[in-house]
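**Q** Show me how the following folds:
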Amino acid sequence: MNNKQELNIKQDSKQDEIINMFNDIAKTYDTTNRVMSMGIDISWRKEACKEAFQILNKQKLDIADIACGTGDMMLHWEQSSKDLGIEIASIEGIDPSSGMLEQAREKIPHGVFKVAQANNLPLESCSKDIISIAYGLRNVVEREAALKEFYRVLRPNGVLVILEFTTPNKHNVFSKLMQFYTKNILPIVGGLISRNFKAYRYLPDSIDSFVTRESLESELLACGMPTIFAKSYSANVSSLLIAQKQE
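**A** Sure, this is the predicted structure:
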């Protein structure tokens, strides 16, 4: 067995472990998030939808939400499109966790959902105007392969919308408080609600080990999708990036 094969096996094993973890916490995921986030991400999701719609300036759109979880971002796409008078021709939710998709189907009975990983999407090339991934990219082990898949699936000039917890270049008082919260409070609260303390120890670690916003922008550029809109929230703890596929 060569080094590349060994790396692939390790990556597959790590990805399977993450998927199984989300299967385990799926039933309590929404409750835990509401308690821990206090809804702070709602305005960020709304802004992401609004900016993407304005950039595309189209009246009929096809959307895919990757790592859709229990479907929150899909609901925001639907509501924002109604508010702005934009028609969504199709919207699909894709997630590797069957447990999370069970919860999504209960929330969105009319939704179209598929079990798949971000690096191997069951979608036709050049078939979507928007691909979104909200707080799921850091859980994708093969991130470069996933970004290349997003490029493949997007239509020319289509946009990739990323919301993610990013690593600040510099820490201030607020970011240090956030770091203390995610490392010390979140695992306890999340563990008590979900009965899975391991999962809520993993989540803050995944934030700490993720890249900076600037590094992510470089990765997007390398995949042919330069960032055309970027904004940071809560002292750079969370970032919104919108990248556009070049013709």
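
**Q** can we go C-alpha only for contacts and neighbour counts from here?
**A** Will do.

**Q** Mean confidence (pLDDT) on stretch 141-154, please.
**A** Model confidence over stretch 141-154 averages 97 on the pLDDT scale.

**Q** same deal with stretch 215-223?
**A** Rounded mean pLDDT across stretch 215-223 is 95.

**Q** Next: stretch 33-45.
**A** The pLDDT scores in stretch 33-45 average 79.

**Q** And it, end to end?
**A** Start-to-end span of stretch 33-45 (C-alpha to C-alpha, to the nearest Å) is 14 Å.

**Q** Please enumerate the strands of this structure.
**A** Assigned by DSSP state E, the strands in the chain fall at 60-66, 87-95, 112-115, 128-134, 154-165, 227-233, 238-244.

**Q** So which helix or strand of the protein has the lowest pLDDT on average?
**A** The helix or strand of the chain with the lowest confidence, counting by mean pLDDT, DSSP states H and E, is helix 173-180 at a mean of 68.

**Q** circling back: could I get the strands of the chain as a markdown table with mean neighbour count and distance to residue 106?
**A** Below are these laid out as a markdown table (neighbours: other C-alpha atoms under 10 Å; distance: least, C-alpha to C-alpha, whole Å):
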| stretch | mean neighbour count | distance to residue 106 |
| --- | --- | --- |
| strand 60-66 | 22 | 17 |
| strand 87-95 | 18 | 13 |
| strand 112-115 | 18 | 12 |
| strand 128-134 | 24 | 20 |
| strand 154-165 | 23 | 24 |
| strand 227-233 | 15 | 31 |
| strand 238-244 | 24 | 28 |
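
**Q** Can you tell me which of these is nearest to residue 189?
**A** The minimum distance between residue 189 and these falls on strand 154-165, with 19.0 Å, by C-alpha to C-alpha.

**Q** what's in contact with the closest one?
**A** With contacts defined as C-alpha atoms under 8 Å, 6 or more residues apart in numbering, strand 154-165 is touched by 45, 48, 52, 56, 125-138, 150, 207, 210, 237-247.

**Q** mind running it again at 7 Å?
**A** Strand 154-165 has contacts (C-alpha atoms under 7 Å, 6 or more residues apart in numbering) with 125-135, 207, 237-247.

**Q** next one: stretch 88-101
**A** For stretch 88-101, contacts defined as C-alpha under 7 Å, 6+ apart pick out 19, 22-23, 26, 60-70, 111-117.

**Q** try stretch 202-210
**A** Outside stretch 202-210, the residues within contact range by C-alpha under 7 Å, 6+ apart are 138, 165, 166, 167, 182, 183.

**Q** what residues are up against residue 247?
**A** The contact partners of residue 247, by C-alpha under 7 Å, 6+ apart, come to 156, 157.

**Q** pLDDT score for it?
**A** pLDDT for residue 247: 74.

**Q** And residue 28, by the same measure?
**A** pLDDT recorded at residue 28 is 87.

**Q** still on that earlier bit, dump the contacts of stretch 202-210 into CSV; add distance to residue 77 and pLDDT as well.
**A** Formatted as CSV, those follow (distance: C-alpha to C-alpha, whole Å; pLDDT from 0 to 100):
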residue, distance to residue 77, pLDDT
138, 21, 92
165, 20, 84
166, 23, 81
167, 26, 75
182, 28, 70
183, 31, 73
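
**Q** Residue ranges in this structure under the pLDDT threshold?
**A** 1, 3-7, 35-38, 168-175, 178-179, 181, 235 (pLDDT under 70).
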